[in-house]
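[1] Based on what follows, work out the 3D shape:
(3 chains)
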Amino acid sequence: MEMPDTNLLLKNLAEEIRPAMNGNTCIVGIHTGGAWLAEKLHGMLGLKTPPGLLDISFYRDDFGRIGLHPEVKRSEIPFDVDDTDIILVDDVLHTGRTVRAAINELFDYGRPARIRLAVLVDRGGRELPIEPTFCAFRGVLDEEKMIDLVRNDSGLLELKFRSRE
Amino acid sequence: MQKNIQINQHGELQHLLTIEGLPASMLHHILDTAESFVGVTEREVKKVPLLRGKAIFNLFFEPSTRTRTTFEIAAKRLSADVLNLNISASSQSKGETMLDTVNNLSAMQADMFIVRHSQSGAAHLIARHVAPEIHVINAGDGRHAHPTQALLDMYTIRHYKRDFHELKVAIVGDVMHSRVARSQIHALTTLGVPEVRVIAPRTLLPRGVEKLGVHPYDDMKKGLKDVDVLLMLRLQNERMQGALLPSAQEYFKYYGLTPEKLALARPDAIVMHPGPMNRGLEIDSAVADGPQSVILPQVTFGIAVRMAVMSILAGN
Amino acid sequence: MKIHIGNGRLIDPASATDRVADLFIAAGRIVSIDEKPEGFHANQEIDASGQIVCPGLVDLSVRLREPGFEYRATLESEMQAAVAGGVTSLACPPDTDPPLDEPGLVEMLKHKAKNLNLAHVYPIGAMTQGLLGADLTEMAELRDAGCMAFCHADKPITNTLVMMRAMQYAATFDLSVWLRAQDASLSRIGVAHEGEVATRLGLPGIPTVAETIALSKILMLARDTGARIHLCRISSSEGLEMVREAKREGLPVTCDVSANHVHLSEMDIGFFDSNCHLVPPLRSLRDRDAIRRALAEGVIDAICSDHTPVDDDAKLLPFGESEAGATGLELLLPLVLKWAEDDRIPLVEALARITSRPAGILGIEAGAIAVGKPADLCIYDPEQYWKVEPKSLKSQGKNTPFLGYEVKGKVICTLVDGHIVHRPH
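    The predicted structure is shown next:
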């Protein structure tokens, strides 16, 4: 799978979201990659309400197998979730389990009007009936491979491949 | 010599029995995790599904409504099933030993025991005898340790003072009989507090306490000078017997925290107390309810700290 | 029964002997050393090459748990443990249930012990009735029934007048009084040495002054009454200094320590190891070193096992609720040998602390190897290691701070009155 430029993908994603927004739209990123993207999108889309952040560690379905993540970040939703139109952002959509956890967590903050999902990359391999509303790039990636969003010191985002350990 | 059983072979926390011997990084990890849980407790739904299906037993061999309740709330907010057992009355009087009780409950597929006992070392004994998949949290054993209380105190200090490395901290009161004080001392020294003082009349200072890395004072006025944090201890009423103290009045006069005595500490000093307070004995109401008191935030943080400890243990 | 013990290294502290020699035993006594007597035909030959032949050990404090505590241990199990440890004479304190405060009880114990044909049992009588510290026992009658001395076990005599009268009365009949120095009010709730470890673990402490105050009271009363005093289980450096001073002054006092205290300190409690819950408490390293120094100097006359079988249920409790005491009969010899090795004490000196010296304190004929003496002997392999674990102990009490340790020195044969009472394989 060839990966196009990350910034181009981000721009495409923003353009895809833009026409679908209304005055009640807020953005929430999933820690860590999704949160970086949410910050960028927030600026690019000129949203007033600051973006929310979710660390889904307390909602993972594999706690029984791997325990608590060593670094849990505090989830912050700086707006009232009730009746809000939420765009949930993640970097790479794979099994869908992370998104499931994030949706569950969002509902513990209130009852949103709608949740839509925006991802930079959909790499296939779904284990749950979850599909992105907005997606900048689709491709099927070998199960042995991982794709991560990394952020360098100057704040630039880049998608990187690596092999599963 | 028996080894420290609260760390497993992967260097993770298996039980939380005492602060003694835990590295600073582990204490900070617990406090960091607690910070995320503080976020949870401020939400509409104050509950996460993390420990769904886990059975947590509150095993209280010594009555304590308050501590039991905070553990119960913490467990419920993690979606665990909690069972409260006050054992002082029932099985012990029928001749069943403490370990019999523990074995029985283990057979009911317990995942975690929260243990409170009047004897020092009770939680260690239980931890040594439970199956390897069961975790034990010491909720106070005799005079020995009360690690979750000390952790919530550290959380509170970190919240208000940020850094431990510049602080002068005074622990005031019945250090001799206090499990809270012992755990606080280990936590403070581990986290790098350069000056920890203990202040009490000599009847309430245990022999060799300075070997724990603290400076003993018997004069409150000297001991409180320039401190940043005051950790008040609860004085049990029964200490008026057994020739430890002559009277509540004299104790309050010399060791009770009044606004005048608090004025000797730094102006931004915070006052803490593990509760329940004896107003007019170890602390004046004017201080307890005053602007420097962070006693109520302690209680709130206490839930998050206990949630953090339970979820870290359950995951190891 | 005629027995020939050949080629053993004979160590007899009483005569300062340490050489390879043959022993010839007939009719329960030693009939010859080195030379085979005229017409001696051994029924049994024991080849003791590479092994040490010494007097059977004399242990000044062994709780046999009978009568009253048979669920803890029985006379038979503990007597088997004694001979397995090379102990051929033992003194038992009166803290049985009922306490040994009546001649009938003493006679019964002696009778039962004799029927077992194992070690010699020497009861120590109670100083006060019921060990309650109020009324004197019939000490002369008890002596006639077999009591070798009088003590108060670990029970306090809080009333100083009673203690003085008991000493005066004992002195009347020239009876020796054995006392453990511990002030009752200073030790009432304590379970560990009041020091660094007890402070860290939050265990109620027994301060050193609990020993020294009681000791000064005992020594003053000894001076005043002229009673012969044996001081049991001294545990502190300060206490030993007082004993040293009293001996220098010429007071008729002797003194023992428990083998546990020669090796262990409060540090060994670790995280609440109830096997280290002992009476007196394990004190600081400084105290332990003082015990070793006092042993080398001879201020401490004897080492005893302070054998106290405690069942598992009584140990599987939080430290403060657990019962104090440790099994010790089978560990006495290896622990004394370890002390000797650690501190480079000549064997003949070290073994004196568990043979001739305690025999002298108890006032018995044992503890020496000489022609005409009863053949109470211990033969041990000085190089054999064995592991201390429940299955290697004959005693019904399996609890000791040394569980899991490898110790050196294994008893391979014990003789009492010329009879082989212990010989595995």
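[2] mind listing the helices for the stretch 101-250 of chain B?
    All helices of the stretch 101-250 of chain B, identified by DSSP state H, counting those that start in this stretch, fall at B:122-129, B:147-161, B:179-190, B:220-223, B:248-255.
[3] what's the answer for chain A, then?
    A:6-17, A:33-45, A:63-66, A:97-107 (DSSP state H).
[4] can you list the residues of chain C near chain B?
    C:194-196, C:198-205, C:207, C:267-268, C:270-274, C:313, C:316-321 (CB under 8 Å from any CB of the partner chain). C-beta here means a position set from N, CA and C on the backbone, and glycine is covered the same way.
[5] Low-confidence stretches in chain A?
    In the predicted model, chain A carries pLDDT under 70 at residues A:1, A:165.
[6] Strands of that one, start to end?
    For chain A, the strands defined by DSSP state E occupy A:25-30, A:52-54, A:85-93, A:114-122, A:134-138, A:145-151, A:157-163.
[7] Which among the helices of chain A is found nearest to chain B?
    Nearest to chain B among the helices of chain A is helix A:63-66 (5.9 Å), distances taken as CB to the nearest CB.
[8] How about the secondary structure of residue C:5?
    With DSSP: H, G, I helix; E, B strand; the rest coil as the basis, residue C:5 sits in strand.
[9] Please name the residues that touch residue B:159.
    B:297, B:301 (CB atoms under 8 Å, 6 or more residues apart in numbering or on different chains).
[10] Downstream of the helix or strand of chain C with the lowest mean pLDDT, the next helix or strand is which one?
    Of all helical and strand segments in chain C, the minimum by mean pLDDT, DSSP states H and E falls on helix C:312-315, at a mean of 92. Per DSSP states H and E, the first helix or strand lying C-terminal to helix C:312-315 is helix C:332-342.
[11] I'd like the average pLDDT over the following helix or strand past that following helix.
    Next in sequence after helix C:332-342, counting helices and strands by DSSP H and E, comes helix C:347-352. Per-region confidence: helix C:347-352 scores 98 on mean pLDDT.
[12] same question, stretch B:212-227
    In this model, stretch B:212-227 carries a mean pLDDT of 97.
[13] Enumerate the residues of chain B near chain C.
    B:1-5, B:20, B:97-99, B:117, B:119-122, B:124-125, B:129, B:141-145, B:179, B:182, B:206-209, B:211-212.
[14] Show the buried residues in these.
    Buried by 16 or more other CB atoms under 10 Å in any protein chain shown: B:20, B:98-99, B:117, B:119-122, B:124-125, B:141-145, B:179, B:182, B:206-209, B:212, out of the residues of chain B next to chain C.
[15] From chain A, how far off is residue B:53?
    9 Å (CB to the nearest CB, to the nearest Å).
[16] For that residue, which non-adjacent residue is spatially closest?
    What sits nearest to residue B:53 in space, not counting adjacent residues and going by CB to CB, 6 or more residues apart in numbering or on different chains, is residue B:81, at 7.5 Å.
[17] what does the least confident helix or strand of chain C rub up against?
    B:97, C:72, C:274, C:275, C:277, C:322, C:323, C:398, C:399.
[18] Burial check on the fourth one, number of neighbours?
    Pointing back at residue C:275 there. A count of nearby residues for residue C:275, using other CB atoms under 10 Å in any protein chain shown, gives 22.
[19] try the third one
    Neighbourhood size, residue C:274 [other CB under 10 Å]: 23.
[20] any chance you could map the strands in the stretch 101-250 of chain C?
    C:120-126, C:149-151, C:176-180, C:192-193, C:205-206, C:228-232 (DSSP state E, counting those that start in this stretch).
[21] Convert the longest one to CSV, retaining C-alpha atoms only.
    If I follow you right, that is strand C:120-126. Extracted as CSV, the C-alpha positions of strand C:120-126 are listed here (Å, rounded to 0.1, in the frame of the first residue of the first chain):
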residue,chain,number,x,y,z
HIS,C,120,15.5,-37.4,81.6
VAL,C,121,12.9,-34.8,82.5
TYR,C,122,13.5,-32.3,85.3
PRO,C,123,10.5,-30.3,86.2
ILE,C,124,10.9,-26.7,87.5
GLY,C,125,8.3,-26.0,90.1
ALA,C,126,6.0,-23.0,90.2
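[22] For residue B:170, see how far away residue C:197 is.
    Distance, residue C:197 to residue B:170, using CB to CB, to the nearest Å: 25 Å.
[23] Actually, residue C:354.
    Separation of residue C:354 from residue B:170 (CB to CB): 53 Å.
[24] out of the two, which sits in the busier spot?
    The neighbour comparison of residue C:354 against residue B:170 (other CB under 10 Å) goes to residue C:354, with 31 against 25.
[25] Surely the more buried one is in contact with residue C:333?
    Yes - Residue C:354 is in contact with residue C:333 according to CB atoms under 8 Å; the separation is 7.2 Å.
[26] intersection of neighbour lists for these two?
    Common neighbours of residue C:354 and residue C:333 (CB under 8 Å, 6+ apart) are residue C:57.
[27] who touches residue B:47 in this structure?
    Neighbouring residues of residue B:47 by CB under 8 Å, 6+ apart: A:108, B:40, B:76, B:77, B:78, B:79.
[28] Most widely separated two among those residues?
    Maximum pairwise distance among the contacts of residue B:47 (CB to CB): 14.2 Å, between A:108 and B:76.
[29] Can you get me a residue count around residue 80?
    Just so you know, I chose chain A. 13.
[30] Chain C, not that one
    21.
[31] How much space separates it from chain A?
    For residue C:80, the distance to chain A equals 52 Å [CB to the nearest CB].
[32] What does that residue show for phi and psi?
    Here is the backbone geometry of residue C:80 (degrees, to the nearest 10): phi -60, psi -40.
[33] Excluding chain neighbours, give the residue nearest to it in space.
    In this structure, residue C:80 finds its nearest non-sequential neighbour in residue C:394, 4.6 Å apart by CB to CB, 6+ apart.
[34] does the one you found count as helix, strand or coil?
    Here residue C:394 is recorded as coil under three-state DSSP.
[35] how much does the lowest-mean-pLDDT helix or strand in chain B deviate in direction from helix B:122-129?
    Every helix and strand of chain B was ranked by mean pLDDT, DSSP H and E. The lowest is helix B:98-107, at a mean of 87. If you take axes from the mean of the first three to the mean of the last three CA atoms, to 10 degrees, helix B:98-107 sits at 50 degrees to helix B:122-129.
[36] Would you indicate which residues of helix B:98-107 are buried?
    Of the residues in helix B:98-107, B:98, B:99, B:101, B:102, B:105, B:106 count as buried by neighbour count, 16+ other CB under 10 Å.
[37] ok, now stretch C:25-36?
    Of all the residues in stretch C:25-36, those buried under the rule 16+ other CB under 10 Å are C:25, C:26, C:29, C:30, C:31, C:32, C:33.
[38] Residue 156: neighbouring residues, count only.
    Since you didn't name a chain, this refers to chain A. Neighbours of residue A:156 under the rule other CB under 10 Å: 10.
[39] meant chain C, my bad for not saying
    Residue C:156: 18 surrounding residues under other CB under 10 Å.
[40] I'd like to know how far the closest residue in space to it that isn't next to it in sequence sits from chain A.
    Once flanking residues are discounted, residue C:156 sits nearest to residue C:184: 3.5 Å by CB to CB, 6+ apart. Distance, residue C:184 to chain A, by CB to the nearest CB: 52 Å.
[41] same question, residue C:37
    Residue C:37 is 79 Å from chain A, by CB to the nearest CB.
[42] for chain B, what are the nearby residues on chain A?
    Counting by CB under 8 Å from any CB, the residues of chain A close to chain B are A:55, A:57-59, A:63, A:66-68, A:70-76, A:81, A:104-105, A:107-110.
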